[in-house]
Each structure stands twice: as C-alpha cells, then as structure tokens.
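S.K.: The sequence and its predicted three-dimensional model are supplied below.
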Amino acid sequence: MSTRRIILRPADGVRAVGRATLATIRLVGAVAIFAARAVVAPGYAPRPLLEQLLRIGWLSLPVVGLTALFTGAALALQIDAGGQRFQAEDVVPAIVAIGMLRELGPVLGGLMVAARVASSIAAEIGSMRVTEQIDALVTLSTDPVGWLVTPRLWAAVLALPLLVGVGDVIGIMGGWLVGTTTLGFTSQAYLSNSWSYLETWDVVSGLIKGAVFGAIIALAGCWFGMRASRGAVGVGRATTNSVVAASVGILASNFILTSLFFT
Amino acid sequence: MSAAPQTRHAPRHAPDTPPVIEIRRLAKSFGANKVLDGVDLSLARGESLVVIGGSGSGKSVLLRLVLGLEAADRGEVLLHGAPADARLRARFMQDFGMLFQSGALFDSLPVWRNVGFRLLREMPAAKARERAIASLSRVGLGPEVADRMPADLSGGMRKRVALARAIATDPAVLFFDEPTAGLDPQRATAISELIRGIVTQTGATAITITHDMRSVRTIADRVALLDRGRIRWQGPVTAPAGGLDSDPDPVLRAFVEGRPLDPGA
C-alpha cells in the first residue's frame, strides 16, 4: 500500500499568507466603497429614515435598558466584593458610573442591538435579494443602496448614541438600586459619589463609540443581506454572518477607540 | 374600413431607426456551466418577441443581461444602436417596464405604493395613487385592492399587480419574465391576453420569456428558440412555411409539441 507524503515548503506558507492578506484588503476596500456609496447616495424621503429610527432605536430600548440595568447591578456587587479586599468599598458608585459610561454601556448595548438589528436587516434585505425585489428596484430606476442602506445606516448612527445614553442612565440606576438596598449606601451618597468623579469625556467617548457601533451594525446587516443568495439557506447564512461580523467589529473597534481616547 | 388603433409610442418598424434592442454574441457562464454561448438577437420598435426554451436554457439570464442585472462575459447589448454601458442603461431604464417571474412586489409597501413606485417620485402622492388605481383597473383589479398588502393577495392577483406596476408609466419597452408561471390555465390566458392588449394598445416594444406555448401564440409577433446557449431558430408564429407551427427543425418541433427530443437532434 502506497503512502502519499504532503511536503509543505516555506514558499507555500508565504503564498497562503499573501493570499489571505490580499483577500482581506480586497474585502476591506469593498466594504469601504459600499459604506461610501451609502453615505453619498441620494436619500429618497424622510419617511424611511423615521421608520428605521423607530425600528432600530425605539424598539431596541427594552433590550438595551434591561441589559444595562442588570449589568449596572452586577457591576456594583462585583466592585463591592473586590473593593472589600482593599477597604475601597466607597468607590463602587464612581467605578460603576465610569465603567458603564466608557465601556459596558456602549459595548453591551451595541452587542444587544447587533443581535437584534443586524440580523433583522440582513434577513429583510436578504429576502428582498432572493425574491428579486432588489432587481425590481433597479428596473424602477432606484438605487438599492440609497433606498435600503442609506436610511438604515443613518438611523443606526443616530439611534445608537441615544440608546447608549439611556442605557448609561439605567445602568447607573441598576448600581444605585443594589448600592442602596444591599451595600448600605444612602441614595444621596451614592448619587453624589457617582457624579463627583465623572468627566464630560466619559460621557462623550461612550456616545461616539455608540455612533461607530451603529455604523458597524447597519453596514454588517446591509452588506450580508445584499449578498444573500440561494434562497432560504442563503438568507439564514447572511443573518448569522451579519451578527458575527457586527459583534466582532464592535469588540475590535471598541479596543481601537479606547486606545485612541484613553492612552 | 376601420381606422388604425391609436398607440402611445412611435409606430413600429420606422425606417432608418436602429433596433430598440440588439444583442451581439452574448455569452455568460456560471462557474463551469456555460448558460449563453454567443446569442444574437434584435428587436424592432413596436415588436413583440417571445423567447422560448427549456428550463435552465438561459432565457431569464438573457433578460437579466439585457437589463444590466448581470454582467456578460462576452458580447454586447445595444440600446437604440448604442452600446449599453451603465449610464445609458440608467437613462433608458426610465422607459423600461419589467414583470418579474415572482412578481417581486415590495412586501413592506401596500399595493398602490408598489404600482405607483416610480410615479411617487414624479408627482404628489394623491395624484400617484390615482394613476396607480387607474393602472390596476387596466389589469382588471378594482380600487379595493389598492390598500392591501402584497402578502394578502393570491398568486394571480400578485401577478396582475406586478403587471400594473410594469405598465404604470406607459414605458416604451416591456420585459416579461415567465408571466404565466405558476398560474392556472384560465388565469394564464387572462394574463397573456392582458399583455397582448397592452402591447397592441400602447405600441410598446416587448420581450417575453416563457415556455407556455398558449402564451406564446397570444403574445408573440416573432418567436426565438434558445437552445444550448444559442438562438437555434427564430421566426413568426404563423407563416405559410417556416413558422412556429410548420418549421421542421426537430428541436423546435419537440418543444412546440411537448414531446421528448429525438436522440441526435
């Protein structure tokens, strides 16, 4: 019985890395062109933008609010438990506030909206793609990017900072609830401690992150939706890919933004 | 002697005018699957051409290439004598109407907004709605359908709504992709007669893709048979010799008579 040996040479490895690098550059370039087209495409009416603001912003409020509430509450318990080791329990309100505003509010809010909105956008646009509705737009002299992507992109960019802002307040309230009912803070002391250590940049940086995450969520949903093919299976795949891409995009861009803002 | 019917568009076969659509050596493959392999066709003003062929013969792909929804591997499409690049297509698209096989109605919009989609960019909503309802009545649907959503309609009604959308702006060129697919014989006949009536009434140029022979006889001035990526035969429906019903081409005869193709044909 003969055996076949696969010999890997160093050149093969270099070639594989080169191919992957080129593919990545091509993908980044294509997404950048797609995003630029969405930004400069003519808007058709305020109505689609308002509809998307409602769907992306208003209807995401419950999930973002609940996430923020429980995260703020859990954070208060964790910081108190950790702070006891250093007799630093008093910092609970300030750390909860800073943590929520700078990191957890935008990131967890963004991830929850990604799960809810990127999937919904990809499924909707993907269904339109496989049922020829996007081709119908072209034959009706309508740019599909301007009609479908532009309102979703702007709505997400506008809605996410608002959701993050509301989530921040609810998250701090979650910490306040635990602080006043379990950790022995008075209401006034907790709120005063939260407020006194905050800086404007803590709030603004989180809102900027929200806007960036909004763009990532909308673009991921639209990108994979527009490229859906092969019927229901293709739409399912587009939906999954959009959530994965949006989530990874949010976490990666969060690291980059944090590095830019706070180092 | 009766007067000639009034048409909205220029009379057909006007002298010295290039074909409305001319297809030259068009080729398209998907991976290893060669779908079109050098198709040549032309369509004169006011003519109703029907392209027939078996399932998977590339009929719909041909239509998508003409409309610019797919890019050809080789060959070219000329619109009114000029090579159809993106800019030219965008200009002529204003004067095209397309009925998709699935209808392709926008699920999120009510029927009247679907029909008046293009009109809404050109006129106030009330006027566009009025014109959309008029277009619906041309395809035999009443105003009570206007505010319903596409998902609430039967297959035949969806097809009619899609047809109403295609003709709402009285385009000069109409494209029909399998207009009777999925319909029962009565509805299929009704849709075919509607298309024939619209083409005759408006003087529009039309290209229809179908494998429904009853529909072919109702709609076509001229028929082209697509086989193995090329136009194998083309000619009129009826002719003393060499028409759809009398040409001896074995592939055409097998297709028209709905029987298996003889080996070696």
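M.R.: Looks like it came in fine. Just so we're clear, the structure is a prediction, and the values are computed from it rather than from any experiment.
S.K.: which regions of the chain lie under the pLDDT threshold?
M.R.: Reading this off chain A. Within chain A, the ranges that satisfy pLDDT under 70 run A:1-4, A:6, A:43-44.
S.K.: wrong chain, I was asking about chain B
M.R.: Across chain B, the ranges flagged by pLDDT under 70 are B:1-16, B:240-242, B:261-265.
S.K.: hmm, 80 instead?
M.R.: Residue ranges of chain B with pLDDT under 80: B:1-17, B:182-183, B:238-249, B:255-256, B:258-265.
S.K.: OK, contacts around the closest residue to chain B within the stretch 151-263 of chain A?
M.R.: Closest residue of the stretch 151-263 of chain A to chain B, Cβ to the nearest Cβ: A:Ser229 (11.2 Å). (Each C-beta comes from the backbone N, C-alpha and C, glycine too.) Going by Cβ atoms under 8 Å, 6 or more residues apart in numbering or on different chains, A:Ser229 touches A:129-130.
S.K.: for stretch B:148-166, which positions count as buried?
M.R.: By neighbour count with 16 or more other Cβ atoms under 10 Å in any protein chain shown, stretch B:148-166 contains the buried residues B:150, B:153, B:156-166.
S.K.: could the residues you listed go into a markdown table alongside distance to chain A and secondary structure?
M.R.: Listed next are the buried residues of stretch B:148-166 as a markdown table, based on distance: Cβ to the nearest Cβ, whole Å; DSSP: H, G, I helix; E, B strand; the rest coil:
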| residue | distance to chain A | secondary structure |
| --- | --- | --- |
| B:Pro150 | 10 | helix |
| B:Leu153 | 14 | coil |
| B:Gly156 | 18 | helix |
| B:Met157 | 17 | helix |
| B:Arg158 | 11 | helix |
| B:Lys159 | 13 | helix |
| B:Arg160 | 16 | helix |
| B:Val161 | 12 | helix |
| B:Ala162 | 8 | helix |
| B:Leu163 | 13 | helix |
| B:Ala164 | 13 | helix |
| B:Arg165 | 8 | helix |
| B:Ala166 | 9 | helix |
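S.K.: Quick one: these as CSV, columns for distance to B:Asn114 too.
M.R.: What follows is the buried residues of stretch B:148-166, written out as CSV (distance: Cβ to Cβ, whole Å):
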residue, distance to B:Asn114
B:Pro150, 7
B:Leu153, 10
B:Gly156, 16
B:Met157, 12
B:Arg158, 10
B:Lys159, 12
B:Arg160, 12
B:Val161, 6
B:Ala162, 8
B:Leu163, 11
B:Ala164, 8
B:Arg165, 6
B:Ala166, 11
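S.K.: Nearest to B:Gly38 among these?
M.R.: Of all these, B:Ala166 has the smallest distance to B:Gly38: 29.4 Å, by Cβ to Cβ.
S.K.: Leaving out the residues flanking it, which one is nearest to the closest one?
M.R.: B:Gly97 (3.7 Å; Cβ to Cβ, 6 or more residues apart in numbering or on different chains).
S.K.: For the longest helix along chain B, buried residues please.
M.R.: Taking DSSP state H as the criterion, chain B has its longest helix at helix B:185-202. By neighbour count with 16+ other Cβ under 10 Å, helix B:185-202 contains the buried residues B:187-192, B:194-196, B:198-199, B:202.
S.K.: so what does it touch, helix or strand wise?
M.R.: Contact partners of helix B:185-202 among helices and strands, from 3 or more Cβ pairs under 8 Å, 6 or more residues apart in numbering or on different chains; DSSP states H and E: helix B:155-167, strand B:173-177, strand B:205-209, helix B:213-219.
S.K.: Near chain B, which residues of chain A are found?
M.R.: A:44, A:127-128, A:131-133, A:135-136, A:138-142 (Cβ under 8 Å from any Cβ of the partner chain).
S.K.: For my notes, please list the residues you listed in a markdown table and give secondary structure and distance to B:Phe255 for each entry.
M.R.: As requested, these are arranged in a markdown table below (DSSP: H, G, I helix; E, B strand; the rest coil; distance: Cβ to Cβ, whole Å):
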| residue | secondary structure | distance to B:Phe255 |
| --- | --- | --- |
| A:Tyr44 | coil | 44 |
| A:Ser127 | helix | 34 |
| A:Met128 | helix | 34 |
| A:Thr131 | coil | 29 |
| A:Glu132 | coil | 26 |
| A:Gln133 | helix | 31 |
| A:Asp135 | helix | 27 |
| A:Ala136 | helix | 29 |
| A:Val138 | helix | 31 |
| A:Thr139 | helix | 28 |
| A:Leu140 | coil | 33 |
| A:Ser141 | coil | 35 |
| A:Thr142 | coil | 37 |
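S.K.: List just the nearest of these to B:Arg138.
M.R.: Closest approach between those and B:Arg138, by Cβ to Cβ: A:Leu140, at 18.0 Å.
S.K.: ok, that closest one to A:Pro48 distance?
M.R.: Distance of A:Leu140 to A:Pro48, computed by Cβ to Cβ, to the nearest Å: 15 Å.
S.K.: of the two, who's got more company?
M.R.: With neighbours defined as other Cβ atoms under 10 Å in any protein chain shown, A:Leu140 and A:Pro48 compare such that A:Leu140 has more, 23 against 19.
S.K.: contacting residues around that one?
M.R.: Shown in contact with A:Leu140 (Cβ under 8 Å, 6+ apart): B:117-118, B:165.
S.K.: Which residue does the stretch 101-250 of chain B have closest to chain A?
M.R.: Closest residue of the stretch 101-250 of chain B to chain A, Cβ to the nearest Cβ: B:Ala104 (3.9 Å).
S.K.: OK, contacts around that residue?
M.R.: Counting by Cβ under 8 Å, 6+ apart, B:Ala104 touches A:131-133, A:135-136, B:162.
S.K.: Adding distance to B:Leu136, write these out as JSON lines.
M.R.: JSON lines is the format used below for these (distance: Cβ to Cβ, whole Å):
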{"residue": "A:Thr131", "distance to B:Leu136": "21"}
{"residue": "A:Glu132", "distance to B:Leu136": "21"}
{"residue": "A:Gln133", "distance to B:Leu136": "19"}
{"residue": "A:Asp135", "distance to B:Leu136": "22"}
{"residue": "A:Ala136", "distance to B:Leu136": "17"}
{"residue": "B:Ala162", "distance to B:Leu136": "11"}
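S.K.: and which of the residues you listed is nearest A:Ala215?
M.R.: Looking across these and measuring by Cβ to Cβ, the closest to A:Ala215 is A:Gln133, at 24.4 Å.
S.K.: What distance do you get for the residue nearest to that closest one when sequence neighbours are not counted to B:Val161?
M.R.: Of all residues not flanking A:Gln133 in the chain, B:Ala104 sits nearest, at 5.1 Å (Cβ to Cβ, 6+ apart). Here B:Ala104 is placed at a distance of 11 Å from B:Val161 (Cβ to Cβ).
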